[in-house]
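*Asks:* missing the sequence, but the structure's below:
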Ligand SMILES: Nc1nc2c(c(=O)[nH]1)N[C@H]1C(S)=C(S)[C@@H](COP(=O)(O)O)O[C@H]1N2
Ligand SMILES: [Mo]
């Protein structure tokens with residue numbers, strides 16, 4: 001593990017708190033009605049109930065979290081399903097290159113498939129050994145540690161595989177689409 005000073009991207013400050021940041025209000029979760037859909041350019045579309053989702057193979061990954069507004073939280077222990085597991089089940093078609101991540105409300109973000117195949121990317125339902133709280137994205141959020149946290153969408157309900165990249169909520173509003181904290185890609 002890198003020295004802590006080397007783990008802080010340029011112009012970020014470490015916080016031991018965990019700020020809550022999102023647009024809109026925290027959605028209600030009904031486990032009977034909740035589903036997770038995978039669609040678009042895939043061989044197998046998926047529609048998983050909450051129970052089915054929880055039965056997928058799980059992984060635990062410890063990573064740092066960097067918000068574009070300047071705070072970073074170190075050593076978050078996320079537990080969930082690796083993106084790779086969903087990828088293998090859905091079998092994206094050859095012309096599929098991007099994923100739009102669809103959350104409750106009007107929030108979306110998008111990423112190239114290869115960024116999501118990183119070993120530290122997961123669809124998380126636990127943080128630091130506890131079920132993910134609603135304000136931090138429970139029941140399910142994406143975690144993409146190598147990008148500013150607006151790519152780590154909370155309350156996710158599905159993935160759509162596409163050939164062209166569709167800009168997400170913050171990306172449409174001037175935030176960087178590549179969002180690399182180490183290169184300080186904050187704005188377009
Ligand atoms: N659905 C949804 N996910 C979201 C956001 C949002 O507004 N809506 N904000 C993003 C931003 S900018 C940050 S910094 C993180 C904050 O996560 P936290 O509230 O768990 O700290 O959530 C990200 N995911
Ligand atoms: Mo953020």
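*Replies:* Structure's in. What do you need? None of these values were measured; they are calculated from a predicted model. Ligands and ions are numbered 1, 2, ... in the order given.

*Asks:* and residue 10, what element?
*Replies:* Assigned by DSSP states H and E, residue 10 belongs to no helix or strand.

*Asks:* do you know how far it is from residue 70?
*Replies:* 10 Å (CB to CB, to the nearest Å). Placement of C-beta: from N, CA and C, glycine included.

*Asks:* the more surrounded of those two?
*Replies:* residue 70 (12 against 8; other CB atoms under 10 Å).

*Asks:* Would you mind giving both backbone torsions of that one?
*Replies:* phi 120, psi 0 (degrees, to the nearest 10).

*Asks:* close enough to count as contact, residue 135 and residue 18?
*Replies:* No: using CB atoms under 8 Å, residue 135 is not in contact with residue 18; the gap is 9.4 Å.

*Asks:* quick one: which of these two has more around it?
*Replies:* residue 18 (15 against 12).

*Asks:* What about the residue of the chain found nearest ligand 2, how many residues nearby?
*Replies:* Using CB to the ion, the closest approach of the chain to ligand 2 is made by residue 67 at 3.5 Å. Residues near residue 67, counting by other CB under 10 Å, number 17.

*Asks:* Quick check: pLDDT value at it.
*Replies:* Confidence at residue 67, expressed as pLDDT, is 98.

*Asks:* Surely it touches residue 149?
*Replies:* Yes: counting by CB under 8 Å, residue 67 does reach residue 149; the two are 4.7 Å apart.

*Asks:* got any residues that touch both of the two?
*Replies:* When contacts are counted by CB atoms under 8 Å, 6 or more residues apart in numbering, residue 67 and residue 149 have residue 21 as shared neighbours.

*Asks:* What's the local residue count around residue 64?
*Replies:* Applying other CB under 10 Å, I find that residue 64 has 20 neighbouring residues.

*Asks:* okay, now residue 75: neighbour count?
*Replies:* 12.

*Asks:* Contacts only, for it.
*Replies:* Here residue 75 is in contact with 62, 64 (criterion: CB under 8 Å, 6+ apart).

*Asks:* That one: helix or strand, and which one exactly?
*Replies:* Using DSSP H and E, residue 75 falls in strand 71-82.

*Asks:* Residue 36 too?
*Replies:* strand 35-40.

*Asks:* where does this structure come near ligand 2, residue by residue?
*Replies:* Counting by CB under 5 Å from the ion, the residues of the chain close to ligand 2 are 67, 68, 149, 150.

*Asks:* In contact with the first one, which residues?
*Replies:* Taking CB under 8 Å, 6+ apart as the definition of contact, the neighbours of residue 67 are 19, 21, 148, 149, 150.

*Asks:* check which helix or strand covers the residue positioned nearest the centre of the chain.
*Replies:* In the chain, the centroid-proximal residue (CA atoms, centre = their mean) is residue 142; its distance is 2.2 Å. Taking DSSP H and E as the criterion, residue 142 maps to strand 141-143.
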